[in-house]
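Q: Show me how the following folds:
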Amino acid sequence: MPKARKRKLPIVSIETASSASSTPLSSRTTIRRFHVLLKQRTQLKAARTLYADSNKALAEVEDEIATLGGLEQYQRMSAVGQGTDRGGGSEKVLIGWLKDAGLNKDRASKLRLLEVGALKPDNYSTCTTWIDPTPIDLRSRHPSIMEQDFLELDVNEHHEKWDVISLSLVLNFVPEARDRGKVYIHSLLNLIELS
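A: Numbering: from 1, shown residues only. Reported below is the predicted structural model:
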């Protein structure tokens, strides 16, 4: 009888967004806490010159953000939340809306979609016949996702460049109401009016 082959183990482990290490509740709790801390940090930075204890409170907020794992852990928990075992990402909803509007049929060209805050490069892989996605994020986790701050895109260069802009969860991430308004305005300037 031939000797059984030992299974080879990879030399380098590749981190995947597995839900085995976190429950839906812990993922949501981490994400929500991160949003609260970002807002507190923004408020405390603005109040630093007014109140002496703001610096201490700011340091505590920064410490808690670091303890939670920072932006990397936030992105990991968000990616876990996009898992099929958790209902999938919001791209399913957007695809449904686009199909309901008939934008997937009889097109001369593909819909140009900008996905802001993309965690996975293949969210629209099932629709490549009618959607041309451009995924971007503040801190890219994949070479196919362009590392780019949406608010720093050159409006003149990208004016009316996209047919659709997906901002799923991005507005929750932006801590100041004024900046959330800027995201909306920036989106409008970059969109093409669909007929």
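Q: Skipping adjacent residues, who's closest to the most centrally placed residue in the chain in space?
A: Central residue of the chain (C-alpha atoms, centre = their mean): residue 117, 2.7 Å from the mean position. Using C-beta to C-beta, 6 or more residues apart in numbering and skipping the chain neighbours, the partner closest in space to residue 117 is residue 170 (4.2 Å). C-beta coordinates here come from the backbone N, C-alpha and C atoms, glycine included.
Q: Mean pLDDT per helix and strand in this structure: which one sits at the bottom?
A: helix 170-173 (a mean of 72; mean pLDDT, DSSP states H and E).
Q: For the residue nearest to the centre of the chain, list the residues it contacts.
A: By C-beta atoms under 8 Å, 6 or more residues apart in numbering, the contact list for residue 117 reads 136-138, 150, 167-170, 173.
Q: let's go with 6 Å and repeat that
A: 137, 169-170 (C-beta atoms under 6 Å, 6 or more residues apart in numbering).
Q: what about it, distance to residue 55?
A: Taking C-beta to C-beta, to the nearest Å as the measure, residue 117 falls 30 Å from residue 55.
Q: For the chain, which segments are assigned as helices?
A: Taking DSSP state H as the criterion, the chain contains helices spanning 24-47, 54-68, 70-81, 91-100, 155-158, 170-173, 177-190.
Q: Who is residue 191 paired with across the strands?
A: residue 162 (DSSP bridges).
Q: Count the residues that sit near it.
A: 17 (other C-beta atoms under 10 Å).
Q: Would you mind putting the CA coordinates of stretch 24-44 into CSV?
A: Listed next in CSV are the C-alpha coordinates belonging to stretch 24-44 (Å, rounded to 0.1, in the frame of the first residue of the first chain):
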residue,chain,number,x,y,z
PRO,A,24,-22.3,39.3,14.3
LEU,A,25,-22.8,41.1,17.6
SER,A,26,-19.1,41.7,18.3
SER,A,27,-18.6,42.9,14.7
ARG,A,28,-21.4,45.4,15.0
THR,A,29,-20.3,46.5,18.5
THR,A,30,-16.7,47.1,17.3
ILE,A,31,-17.9,49.0,14.2
ARG,A,32,-20.3,51.2,16.1
ARG,A,33,-17.8,51.9,18.9
PHE,A,34,-15.3,52.9,16.3
HIS,A,35,-17.8,55.4,14.8
VAL,A,36,-18.5,56.9,18.2
LEU,A,37,-14.7,57.2,18.9
LEU,A,38,-14.0,58.9,15.6
LYS,A,39,-16.7,61.5,16.3
GLN,A,40,-15.4,62.0,19.9
ARG,A,41,-11.8,62.4,18.5
THR,A,42,-13.0,65.0,16.0
GLN,A,43,-14.9,67.0,18.7
LEU,A,44,-12.0,66.8,21.1
